[in-house]
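Visitor: Task: produce atomic coordinates for the following.
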Amino acid sequence: MLRFGIVSQIDPINVQARVSFEDDESTSYWLPILQTKTLKDKFYAMPDIGEQVACLMDENSEDGVILGAIYSTEDVPVVTSEKQLSLNLENNSLINIDKETNSLNITFENINLNGNINHTGKLINTDGIKSNSDITDKTSSMQAMRDTYNPHTHTGNQGSPTSAPNKTM
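Guide: Next up is the predicted model:
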């Protein structure tokens, strides 16, 4: 039977929760929380305590599974377009995919990427670029330019070396 209730306890290690049902003032035993993937690929999301969920329960409401959270008049979605997929966290971090504009928007204070990034198109940056390694374009690297230009001397005064350049790369 399908029942709706409010999450009262969570067990994030075992991916379980207890649900309070207002219709008969009962609380479930620990119920597993339905996940999208659990074998080779893994997906993990826990409901919040106080979140409204839908549960599929046996006829005695002794065993069941939490199917997922549901929106209500109090907890409304932040995106209301069938063309968008969105993950919005309580700290204002978000991932939004818009199929209509063919865009991906990510907002986090810090983003750590591991692996190669292949990019085609313009890279527009508003706060500078910092690298902890050498920067290379199709012709040379920043370090190669430094190696070439920093030690150079100036001829002058009958071919004698002059002072070092006043600016180095």
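Visitor: going forward, measure contacts and count neighbours with C-alpha atoms only.
Guide: Noted.
Visitor: Confidence-wise, which helix or strand of this structure is lowest on average?
Guide: With mean pLDDT, DSSP states H and E as the measure, the helix or strand of the chain carrying the lowest mean pLDDT is strand 155-156 (a mean of 62).
Visitor: could you point out which element follows the lengthiest strand in the chain?
Guide: Scanning the chain for the longest strand, with DSSP state E as the assignment, gives strand 2-11. Using DSSP states H and E, the helix or strand that directly follows strand 2-11 along the chain is strand 16-21.
Visitor: any weak-confidence spans in the protein?
Guide: Counting by pLDDT under 70, the ranges of the chain that qualify are 152-159, 161-169.
Visitor: quick check: domain ranges of it?
Guide: With automatic domain parsing as the criterion, the domains of the chain are listed as 2-69, 77-114, 130-169.
Visitor: How far does the first one sit from its chain's centre?
Guide: Distance, stretch centre to chain centre, for domain 2-69: 24 Å (CA atoms, centre = their mean, to the nearest Å).
Visitor: One more: stretch 70-84?
Guide: Using CA atoms, centre = their mean, we find the averaged C-alpha position of stretch 70-84 to lie 19 Å away from the chain's own average C-alpha position.
Visitor: Does P32 touch Q16 like I think?
Guide: Yes - in this structure, P32 is within contact of Q16 by CA atoms under 8 Å, at 4.4 Å.
Visitor: residue contacts, N105?
Guide: Taking CA atoms under 8 Å, 6 or more residues apart in numbering as the definition of contact, the neighbours of N105 are L94, I95, N96, I97.
Visitor: can you tell me the helix or strand for A54?
Guide: Remark: A54 resides in strand 52-57, with elements defined by DSSP H and E.
Visitor: elements contacting the next helix or strand after that strand?
Guide: Following strand 52-57 in sequence order, the next helix or strand is strand 64-69 (DSSP H and E). Contact analysis of strand 64-69 by 3 or more CA pairs under 8 Å, 6 or more residues apart in numbering; DSSP states H and E lists strand 31-32, strand 52-57 as its packing neighbours.
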